[in-house]
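# please work out how this folds:
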Amino acid sequence: MNIGIRAHDVENKDILDLAQKLNQKEIHSIQLALKKSVKEWQISTASLNTGLAKYIANILHDKKINIAVLGCYINMIDPDLEQREQALDYFKAHLRLASDFGCSIVGSETGNVHSQMGYTTDNFTEAAFLKVVDSVQILVEEAERFGVIVGIEGGVNHPIYTPQLMKRLIDEVSSNHLQVIFDPVNYLTLDNYQRQMSIIDEAFSLFGDRIAIIHAKDFQIKDGQLYIVPVGHGQLNYAHLFTKIKVAKPMIPILLEETKEPYINQSIAKLTQIYHR
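Numbers count the residues shown, from 1 in each chain. Down below sits the predicted model:
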């Protein structure tokens, strides 16, 4: 089992402090979102360079920490075309330097048809989907040049809001340099959370061969709303998810998300217990 965490869910003052805290918790796999996790320098498309990438990678490697995925969350379908181009350029910079970070995957969600991010049914249109296809195609072409991977994460607030649409995106782009970051909670709503096992099964059936990263978070239903809670304190059927992972994805990075102190250790212990049950 390969449990990790989003680096920015661990409070730290700098990259060395982060590495030490992760090592103390025996966490050896992370998602690193540079703007959220690196505090010593201003991170931008222009400031990213091989020296910085290797410096960060070496500090983490010294503490036996692997960057499973570079988190680069952008609005890849921003209606402001200048802002969209800048966002895509920022993602491309991550792709070009991924190998210097010792990482092969750069990941993002699919954005929003409005510049102001947030829930909107305007995302649930054919036009929004096709914009995602166009942007992902641009990023995948860059990934192919550098021998790395674009990891796309779907979710109910985004244009890729069902497993079927994720499968369609994979088919439209048609490149093995496009892989999936699978977060089962992202596909759950008040209307379908009771069918979570079938949704997990469907995802593995449709694109299980493309799943490269698992995001682990949890949810509760309270007062007619779905709330995100620390892993192990909610209703996600991890036992069922792990039956799929054990067979299809041994040692895949399972990265805690939205789980911070004081819950990190107990959430890891809970997942480990369920996995080995």
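# CA atoms for contacts and neighbours, from now on please.
Fine.
# could you check how many residues crowd around Y238?
Neighbour count of Y238, defined by other Cα atoms under 10 Å: 20.
# in this protein, which spans are helices?
Here the chain has its helices, by DSSP state H, at 15-24, 34-37, 50-62, 81-97, 126-146, 163-173, 196-207, 238-248, 264-275.
# please point out which parts of the third one sit buried.
Taking 16 or more other Cα atoms under 10 Å as the neighbour-count basis, helix 50-62 is seen to contain the buried residues 53-54, 56-61.
# between those residues, which is closest to Y193?
Nearest to Y193, judged by Cα to Cα, of those is L60 at 37.3 Å.
# these two touch, right, that closest one and A19?
Yes. Judged on Cα atoms under 8 Å, L60 makes contact with A19 at a distance of 5.5 Å.
# neighbours of A19, how many?
A19, neighbours per other Cα under 10 Å, totals 22.
# do Y193 as well
Neighbour tally, Y193, other Cα under 10 Å: 19.
# check contacts around the closest residue to L226 other than its chain neighbours.
Excluding the flanking residues, the one nearest L226 by Cα to Cα, 6 or more residues apart in numbering is Q220, at 5.8 Å. Shown in contact with Q220 (Cα atoms under 8 Å, 6 or more residues apart in numbering): 226-229, 233-235.
# re the thing from before, let me have the buried residues of helix 50-62 in CSV, extended by pLDDT.
Putting the buried residues of helix 50-62 into CSV (pLDDT from 0 to 100) gives the following:
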residue, pLDDT
A53, 98
K54, 98
I56, 98
A57, 98
N58, 98
I59, 98
L60, 98
H61, 97
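# going by distance to L139, which of the residues you listed wins?
Nearest member of the buried residues of helix 50-62 to L139, counting by Cα to Cα, is A53, at 19.8 Å.
# hmm, R96 and that closest one touching each other?
No. A53 is beyond contact range of R96, at 10.7 Å (criterion: Cα under 8 Å).
# picking that back up, could you measure the residue nearest to L226 against G71, distance?
26 Å (Cα to Cα, to the nearest Å).
# now C103
Counting by Cα to Cα, the gap from C103 to G71 is 11 Å.
# which of those two has more neighbours?
G71 (24 against 20).
# you'd agree the more buried one is up against G107?
Yes. The pair G71 / G107 is scored as a contact, 5.1 Å apart, by Cα under 8 Å.
# just the buried residues of stretch 188-200, please?
Those would be 188, 193, 196-197, 199-200, for stretch 188-200 by 16+ other Cα under 10 Å.
# distance to F91 and pLDDT added to those, as TSV?
As requested, the buried residues of stretch 188-200 are arranged in TSV below (distance: Cα to Cα, whole Å; pLDDT from 0 to 100):
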residue	distance to F91	pLDDT
L188	27	98
Y193	32	98
Q196	32	98
M197	33	98
I199	30	98
I200	28	98
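# make CSV out of these and add distance to K260.
Shown next, in CSV, are these (distance: Cα to Cα, whole Å):
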residue, distance to K260
L188, 22
Y193, 24
Q196, 24
M197, 26
I199, 27
I200, 25
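# any low-confidence regions in the stretch 1-150 of the chain?
Scanning the stretch 1-150 of the chain for pLDDT under 70 picks out no residues.
# next, format the contacts of Q220 as TSV and append distance to F124, neighbour count and pLDDT.
Converted to TSV, the contacts of Q220 look like this (distance: Cα to Cα, whole Å; neighbours: other Cα atoms under 10 Å; pLDDT from 0 to 100):
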residue	distance to F124	neighbour count	pLDDT
L226	20	15	97
Y227	22	12	97
I228	22	17	97
V229	26	16	97
H233	30	16	95
G234	28	15	97
Q235	26	16	98
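# quick one: the residues you listed as a markdown table, columns for distance to K25 too.
Converted to a markdown table, the contacts of Q220 look like this (distance: Cα to Cα, whole Å):
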| residue | distance to K25 |
| --- | --- |
| L226 | 30 |
| Y227 | 27 |
| I228 | 23 |
| V229 | 21 |
| H233 | 20 |
| G234 | 23 |
| Q235 | 25 |
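# of those, which belong to strands?
226-229 (DSSP state E).
# give me the neighbour count for the closest residue to N12 other than its chain neighbours.
Using Cα to Cα, 6+ apart and skipping the chain neighbours, the partner closest in space to N12 is L18 (5.2 Å). Other residues near L18 come to 20 when the count uses other Cα under 10 Å.
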